[in-house]
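Student: Provide a 3D model corresponding to the input given below.
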Amino acid sequence: MTRYIIHRLASAVLVVFLVTIISFSVMSLVPGDPASVVAGANATPDEIEAIRVQLGLHLPYHVRLVDWVLGLFQGDLGRSILLQRSVAEAVAERLPVTIALSIYAMTLTLALGVSLGVLAAVRQNSWVDQLCMTVALLGVSLPNVWLAILFVMFFSVYLGWFPTGGYVPFEQDAFRALVALTLPAIALALTQIGLLARMARSSMLEVLRQDYVQTARAKGLPRWSVVGKHALKNVMIPLVTVFGIILSLSLSGTVVIETVFSLPGMGRLIVNAIQRRDYPVIQGGLLLTASALVMVNLAVDLLYAWLDPRVRYAD
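Tutor: Alright, predicted model coming up:
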């Protein structure tokens, strides 16, 4: 197991390093000049060049890359061009919103996705199965951005049950914070619920056909005992891998959802930075997002190896 963990950690570090180089390189190739944005439309070429020197944009690519990487080792993500503050401070201010939204969405995904899938498998070919899979199919098929806009129009504008956007910190009012995150979390979770429900149904049907489950049924054990104690544990093994994919989709989906609902999270911060060509914020945001996805996949790999020892021995 130790060898497996070391191998996965080394792979994760390599991926993060490559993402660091790629994100910086892509920003260097993107057309546009942040100095022109900062200087304004009426700035003279001399004023723009002075700002370029002030921001260090006049330095060669390799010099800026080395400076940025060295800064990363010191925990310095750079300084925002337009916010006039460190990227780390801007991220620390926005990150709790994204984390809260992701946790809320993943809680809904796990609770509803696994429940719908198991229920559909237990009631295979019944109207319950058809209803659960119809809900799952709708969740997979409908785009998050369309659902988010539809939710705002119906539940916020027409019915007035939820706010159209904005965010209230949990330390200020926990109930209002949950209310503000409910529609975004549902819009973000529906696609993942559909995917997880379909995978849970398929895995549960396969497990229910195994000999040990048939033996448990032949002994006269109640259905809830057969499903809950014997089948569900083995269903969770393939679902762990799917959970990693779902969590990755959830983190990337926050960009659109936060923009639609005007949530002050990481996704909206990156979108605003892209629109205003704030390269340090984009680079820092991409690096942190990619690192989070790498850590999620690493945790999934380790959990999968813990649940199924054959994985670590085959590595």
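
Student: element containing residue 23?
Tutor: Assigned by DSSP states H and E, residue 23 belongs to helix 2-29.

Student: Burial check on residue 129, number of neighbours?
Tutor: Using other CB atoms under 10 Å, residue 129 has 17 other residues around it. From N, CA and C alone the C-beta is placed, and that goes for glycine too.

Student: burial measure for the residue lying closest to residue 178 once chain neighbours are set aside, as a count.
Tutor: Closest residue in space to residue 178, ignoring its immediate chain neighbours: residue 104 at 7.6 Å, by CB to CB, 6 or more residues apart in numbering. Residue 104 has 20 neighbours, counted by other CB under 10 Å.

Student: Is it correct that residue 104 is in contact with residue 181?
Tutor: Yes. Counting by CB atoms under 8 Å, residue 104 does reach residue 181; the two are 5.2 Å apart.

Student: residues in contact with the residue nearest to residue 178?
Tutor: 178, 181-182, 185 (CB atoms under 8 Å, 6 or more residues apart in numbering).

Student: Which of the helices or strands spans it?
Tutor: Here residue 104 is assigned to helix 87-122, by DSSP H and E.

Student: For that helix, give the mean pLDDT please.
Tutor: In this model, helix 87-122 has a mean pLDDT of 83.

Student: which is the next helix or strand following it?
Tutor: helix 127-141.

Student: report the angle between the axes of that following helix and helix 87-122?
Tutor: Put simply, helix 127-141 runs at 150 degrees to helix 87-122, going by axes from the mean of the first three to the mean of the last three CA atoms, to 10 degrees.

Student: Helix 127-141: which residues count as buried?
Tutor: Residues of helix 127-141 classed as buried: 129, 132-133, 135-136, 139 (neighbour count, 16 or more other CB atoms under 10 Å).

Student: Lowest-confidence one in the residues you listed?
Tutor: Among those, residue 139 carries the weakest pLDDT, at 76.

Student: mind listing what it touches?
Tutor: By CB under 8 Å, 6+ apart, the contact list for residue 139 reads 190-195, 197.

Student: And residue 12, by the same measure?
Tutor: With CB under 8 Å, 6+ apart, residue 12 has these contacts: 294-295, 297-298.

Student: just residue 86 next, same as before
Tutor: 76-80.

Student: if we go to 6 Å?
Tutor: residue 79 (CB atoms under 6 Å, 6 or more residues apart in numbering).

Student: Does it have any beta-bridge partners, and if so which?
Tutor: residue 79 (DSSP bridges).

Student: Where does pLDDT dip in this structure?
Tutor: Along the chain, the model assigns pLDDT under 70 to residues 1-2, 4-5, 7-8, 27-43, 47-48, 51, 54-58, 208, 210-237, 304-315.

Student: Domain map for it?
Tutor: The chain breaks down by automatic domain parsing into domains covering 2-73, 91-275.

Student: now those domains as TSV including distance to residue 85?
Tutor: TSV is the format used below for the domains of the chain (distance: least, CB to CB, whole Å):
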stretch	distance to residue 85
domain 2-73	14
domain 91-275	9
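
Student: how about the ones you listed, which one is nearest residue 290?
Tutor: Closest of the domains of the chain to residue 290 is domain 2-73, at 4.1 Å (criterion: CB to CB).

Student: Would you agree residue 167 falls within a helix?
Tutor: No. According to DSSP: H, G, I helix; E, B strand; the rest coil, the state of residue 167 is coil, so it is not within a helix.

Student: so it sits right up against residue 263, yeah?
Tutor: Yes. Residue 167 is within contact range of residue 263, at 5.1 Å (criterion: CB atoms under 6 Å).

Student: got any residues that touch both of the two?
Tutor: residue 97.

Student: Tell me how many other residues surround residue 300.
Tutor: Residue 300 has 18 nearby residues by other CB under 10 Å.

Student: The one 3 residues further on too?
Tutor: Residues lying near residue 303 (other CB under 10 Å) number 16.

Student: What distance do you get for it to residue 296?
Tutor: 11 Å (CB to CB, to the nearest Å).

Student: try residue 173
Tutor: According to CB to CB, residue 173 and residue 296 sit 30 Å apart.
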